[in-house]
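>>> Generate coordinates for the sequence data below:
(3 chains)
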Amino acid sequence: MNKWVAAVALIIVFIFMFLTAVYMHPFGEPENQDMDQYMIENAQNETGANNVVTSVVFDYRGYDTLGEATVLFTAVMGVLVVYKKTRKSGES
Amino acid sequence: MIPMSKIVRTITNILYVFIIGFGFYVIIHGHLTPGGGFQGGAVVASAFALLAVAYGRKKIVNLLNKEHLSVAEVSGLLAFICLAFLGLGTVFFFNFLAVGRSIPIFSNTPAGINPGDLNTAGIMPLMNIAVGVEVLSALGVIILTMFLGFKEGKEK
Amino acid sequence: MNIESSAIFNLPFITVVVLIGIGLYALMFKRNLIKIVIGITLIESGVNLFLISLGYRKGCYAPIYTNAPTTAMVFPIPQALTLTSIVIGFAVTALMLSFAVLIYKNYGTINAVKTRRLKG
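Take a look at the predicted model:
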């Protein structure tokens, strides 16, 4: 019985997402472009970089990059804890 | 893991220098071409993965040291945080090398469509180098730990 | 929905829906832990593709001023968000695979149903 409930739920979610994808705005014509147009025009004056994506990642949204570096650091610490060899057993 | 044959090891000896060099090129030119810290760090870490697969488990400990990579990762993250704190006179992540133009390091400003000058973009090449060092050593530590850590052939 | 203006029927969005659907099927109906991790990775790939395909303008180029053809460019902000998302997805996948190795070492099996009971 559980498998049939899960299958019906998956089909309902799939149909919902499919109707959303068909009824979205046409691909290539987005509606709101004020924020990105400001970034394209003024990134060279304010930050001095040719690459607008790098100036968004490190200057306009640098706080998100700090959070991402922290997540990467925490994942490395978690992996190191899993593979730690204790002195008693002598094997991983 | 057993090492691979002599042909693979010969090609790896020639090729890993070029991959590491290309990775550092992508890291440093992050403000002019597509790329930056994260992408260049991933390219250098793939050179480490190539070395680990070609040499096997016994000989890779002579080439890559896990303690040195761990120290490099910590110093990269600390350099990133210190660069963020240096502009605290105005806001937290302030680009004090490009706006004030008083310190002549990386302080030109391009205008319009140009061929690209390495001397531009303020604080961003330094942050790219810090994040690139951190990402390459983080991915290298993950690859080395999982490569040297597991034993094979154990079934209950 | 205009059928005449977009002759490709939002094909990137439909690809995203297919990717997430296959990932959800692998996540819900498979018993092997490694196959569940592969399903989660497929869902993350679908979400990254959706983020990038939201910021496309027709006939525009990459948002870089070095030797650019014109000044008409696509949106740069979804590309910056996708960078962060890819790195976070990699970190979570590495941690999940390490946990799968730890579960195999302690239980002897990698079936998700047999490792459900807590052992003292």
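>>> Against which helices or strands is the helix or strand hosting residue A:5 packed?
Taking DSSP states H and E as the criterion, residue A:5 maps to helix A:2-22. If you count contacts as 3 or more C-beta pairs under 8 Å, 6 or more residues apart in numbering or on different chains; DSSP states H and E, helix A:2-22 packs onto helix C:11-29. To be clear about C-beta, it is placed using only N, CA and C from the backbone, and glycine gets the same treatment.
>>> Can you pull out the low-pLDDT segments for chain C?
Where chain C drops to pLDDT under 70, the residues are C:1-8, C:118-120.
>>> wait, I meant chain B
Applying pLDDT under 70 to chain B flags residues B:100-101, B:152-156.
>>> What ranges does chain B have for its helices?
B:6-28, B:37-63, B:66-85, B:124-149 (DSSP state H).
>>> and of those helices, who's closest to residue A:28?
Across the helices of chain B, residue A:28 has its closest neighbour in helix B:37-63 (25.9 Å, C-beta to C-beta).
>>> if I pick residue 38, what's in contact with it?
In the absence of a named chain, this looks at chain A. Applying C-beta atoms under 8 Å, 6 or more residues apart in numbering or on different chains to residue A:38 gives no contacts.
>>> that's the other chain; I wanted chain C
If you count contacts by C-beta under 8 Å, 6+ apart, residue C:38 has them with residue C:26.
>>> which secondary structure element contains it?
In this structure, residue C:38 sits in helix C:33-53 according to DSSP H and E.
>>> The helix holding residue A:5 vs helix C:33-53, what angle?
Per axes from the mean of the first three to the mean of the last three C-alpha atoms, to 10 degrees, the angle that helix A:2-22 makes with helix C:33-53 is 10 degrees.
>>> Which residues belonging to helix A:2-22 are considered buried?
Neighbour counts over helix A:2-22 (16 or more other C-beta atoms under 10 Å in any protein chain shown) mark A:10, A:14, A:17, A:21 as buried.
>>> Among those residues, pick out the one closest to residue B:3, please.
Among these, residue A:10 lies closest to residue B:3 (C-beta to C-beta), at 45.1 Å.
>>> How about the contacts made by residue B:27?
Here residue B:27 is in contact with B:35, B:36, B:37, B:40, B:41, B:44, B:128, B:129, B:132 (C-beta under 8 Å, 6+ apart).
>>> For those residues, which entry has the maximal number of neighbours?
Neighbour tally across these (other C-beta atoms under 10 Å in any protein chain shown): the maximum, 31 neighbours, falls on residue B:37.
>>> So what's the residue count around the residue nearest to that residue when sequence neighbours are not counted?
Computed as C-beta to C-beta, 6 or more residues apart in numbering or on different chains, the closest residue to residue B:37 that is not its neighbour in sequence is residue B:131, at 3.1 Å. Residues near residue B:131, counting by other C-beta under 10 Å, number 29.
>>> Surely residue B:131 and residue B:80 touch.
Yes: the criterion here is C-beta atoms under 8 Å, and residue B:131 meets it with residue B:80 at 6.0 Å.
>>> between these two, what contacts are shared?
Counting by C-beta under 8 Å, 6+ apart, the residues touching both residue B:131 and residue B:80 are residue A:69.
>>> who does the lengthiest helix in chain C touch, helix- and strand-wise?
Scanning chain C for the longest helix, with DSSP H as the assignment, gives helix C:77-107. Judged by 3+ C-beta pairs under 8 Å, 6+ apart, helix C:77-107 is in contact with helix A:34-46, helix A:52-55, helix A:62-82, helix B:124-149, helix C:33-53.
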